[in-house]
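Engineer: build me a structure from this.
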Amino acid sequence: MSFGRILLHNIRRHRFSTILALISITLGVGLLTAVVSFREQSHRHFITEGIGVDAILGPKGSPLQIALNALYNLEEMPGKLKWSYYENVRKDPLVVDAIPFVTGHSYAGFRVNAIDDRFFTSFEYQSGKRFSFNLEAGGQGRLFKAREEAVAGWAVAKALGLHLGDTFNPVCGVHSGDPVHMHDRITFVGILAPTGTPYDRAIYIPLKTFYTLEGHGASVAAMATDPNQREISGAYLKLWHIRGGAMHPGVQNLKYEIDQSPEAQLVVPSEVVPRILDIIGWVDKVLFIVGILVTLLAIMFLFVVLITALREQRRELAMMRMLGANRRTVFGLIMSEAVFLSVVGTILGIAFGHSLVSLGSHYIAVETGMQFASNFVSSADIWVLPSITLMGAVAGLIPAVQAYRMSILRNLNITE
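Structural biologist: The predicted structure is shown next:
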């Protein structure tokens, strides 16, 4: 009988405990792989989402709250910003472009943002990437041109089953039970191609439409025609960059001047977003530790399985020795079984981990608009197989040494 057939025969003899060992390793490795994948993809998303936005001009309040609202359609703006102040900042030589927006409305659980139409033509949601209505890219229709027209993000259109020509009434607020603008019927004329960013999870209307929605009152309606009274939630800023892609040194002076004013502040996403990672970082650390503990328990269970199997197979191994198998063959048989189970369990665990990412990415996309790929190759996919294989080999070392030292005569007398 060949070495491979003997190995498979030994595994089949204690198949129940073998299956349990494989399940344990699969669960531990799967959890580790999923946690690392989510962590690395979320870090990548949070770092790259705001690349098209060098800074956000916003009202006084929490910088993190402003970043979450402007970039991720979460939270609410802490206040309003005077249009006249925005105009002064926009004219600064260091400001290449400035796109004003107003948030605070919603529809069917999605944010409705009023925004300047240059958002769709000159804004880069990621470096070198602009919004598109191209049919081949997954978009439809066109940019809004009239007051009663709107554009839907790809995720919104998919979730609500929207088609061009569908209409909606915006809600004055972002909470359940907020009043609806019953007499303002707005038509979808465009659906953006998917970007894989939170911008997919919003509806966009013309900036001036916000001021003319019925129910806002005369003071808000006057903002549509009188810039001196007009207010906005904030503005996306594109700042002057020098050679190498770095922002101009004068930007820090501009930020200081704006932050010192009683009206506004300049929020730089690259400075604020890491705080988000600090807030949510403890979650993946806990899950990562749990995954390690589950994997270590699985390796310990594998050790118990091998020890138990060795005790059950002592007479059979002794007969193998008597028929000509040397000590190294018996040693290699136990080590091969440990390594084989470790490799198979790890491969199954990696597959299971990617399945967890695929399952979890759907719910994350629904809540945040961030797209997580199940086929993303994380660092865990690289180091987990050799690491678990090595740990499995260590777990099999003691049983293998015991088999190596086994007495032939003593174990031939054992009755099964």
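Engineer: for the helix ranked longest in the chain, packing partners?
Structural biologist: In the chain, taking DSSP state H as the definition, the longest helix is helix 269-312. Counting contacts by 3 or more Cβ pairs under 8 Å, 6 or more residues apart in numbering; DSSP states H and E, helix 269-312 is packed against helix 3-13, helix 15-48, helix 63-72, helix 327-368, helix 379-404. From N, CA and C alone the C-beta is placed, and that goes for glycine too.
Engineer: could you identify which of these is most buried?
Structural biologist: Mean neighbour counts were compared across the helices and strands packed on helix 269-312 using mean count of other Cβ atoms under 10 Å; the top stretch is helix 63-72, at a mean of 22.
Engineer: in a helix, Phe89, correct?
Structural biologist: To be clear, residue 89 is Val; Phe isn't right here. Yes - the assignment for Val89 (DSSP: H, G, I helix; E, B strand; the rest coil) places it in a helix.
Engineer: can you pull the contacts of it?
Structural biologist: Leu57, Val95, Ala98, Ala235, Leu237, Ile258, Ala264 (Cβ atoms under 8 Å, 6 or more residues apart in numbering).
Engineer: how is the chain divided into domains?
Structural biologist: Listed domain ranges for the chain are 3-46+276-412, 55-267 (source: automatic domain parsing).
Engineer: is it possible to export those to a markdown table including mean pLDDT?
Structural biologist: Shown next, in a markdown table, are these (pLDDT from 0 to 100):
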| stretch | mean pLDDT |
| --- | --- |
| domain 3-46+276-412 | 77 |
| domain 55-267 | 92 |
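Engineer: on that earlier part again, if you compare the directions of the longest helix of the chain and helix 15-48, what angle comes out?
Structural biologist: 170 degrees (axes from the mean of the first three to the mean of the last three Cα atoms, to 10 degrees).
Engineer: and the angle for helix 269-312 with helix 327-368?
Structural biologist: 150 degrees.
Engineer: for this structure, which strand is longest?
Structural biologist: strand 95-107 (DSSP state E).
Engineer: alpha carbons of it, as CSV, please.
Structural biologist: Extracted in CSV, the C-alpha atoms of strand 95-107 (Å, rounded to 0.1, in the frame of the first residue of the first chain):
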residue,chain,number,x,y,z
VAL,A,95,-8.6,77.7,-4.4
VAL,A,96,-8.8,76.1,-7.8
ASP,A,97,-12.4,75.2,-7.6
ALA,A,98,-15.3,75.3,-5.1
ILE,A,99,-18.6,73.5,-5.4
PRO,A,100,-21.4,74.5,-3.0
PHE,A,101,-24.0,72.1,-1.7
VAL,A,102,-26.9,71.9,0.7
THR,A,103,-27.8,68.8,2.7
GLY,A,104,-30.7,68.0,5.0
HIS,A,105,-33.3,66.4,2.8
SER,A,106,-34.1,62.8,2.0
TYR,A,107,-36.3,60.3,0.2
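Engineer: contacts for whatever helix or strand comes next after that strand, please.
Structural biologist: Once strand 95-107 ends, the next helix or strand along the chain (criterion: DSSP states H and E) is strand 110-115. Applying Cβ under 8 Å, 6+ apart, the contact partners of strand 110-115 are 73, 99-103, 105-106, 150, 153, 156, 159-160, 170-171, 174, 201-210.
Engineer: strand partners of strand 110-115, parallel vs antiparallel please.
Structural biologist: strand 95-107 (antiparallel), strand 202-206 (parallel) (DSSP bridges).
Engineer: and the angle from the first one to helix 63-72?
Structural biologist: Which is strand 95-107. Going by the same axes, to 10 degrees, strand 95-107 makes 80 degrees with helix 63-72.
Engineer: related to what we said a few turns ago, quick check: ChimeraX command selecting the buried ones in the contacts of strand 110-115.
Structural biologist: Those of these that count as buried under 16 or more other Cβ atoms under 10 Å are selected in ChimeraX with:
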select :73,99,100,101,102,103,105,106,150,153,156,159,160,170,171,174,201,202,203,204,205,206,207,209,210
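Engineer: list the contacts of the residue lying closest to Ala380 once chain neighbours are set aside.
Structural biologist: The shortest distance from Ala380 to any non-neighbouring residue, by Cβ to Cβ, 6 or more residues apart in numbering, is to Val36 (3.7 Å). Counting by Cβ under 8 Å, 6+ apart, Val36 makes contact with Phe288, Ser378, Ser379, Ala380.
Engineer: now render those residues as a markdown table, adding distance to Gly349.
Structural biologist: Shown next, in a markdown table, are those (distance: Cβ to Cβ, whole Å):
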| residue | distance to Gly349 |
| --- | --- |
| Phe288 | 14 |
| Ser378 | 13 |
| Ser379 | 15 |
| Ala380 | 10 |
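Engineer: doesn't Glu136 lie inside a strand?
Structural biologist: No - counting by three-state DSSP, Glu136 is not part of a strand but coil.
Engineer: list phi and psi for it.
Structural biologist: phi -60, psi -30 (degrees, to the nearest 10).
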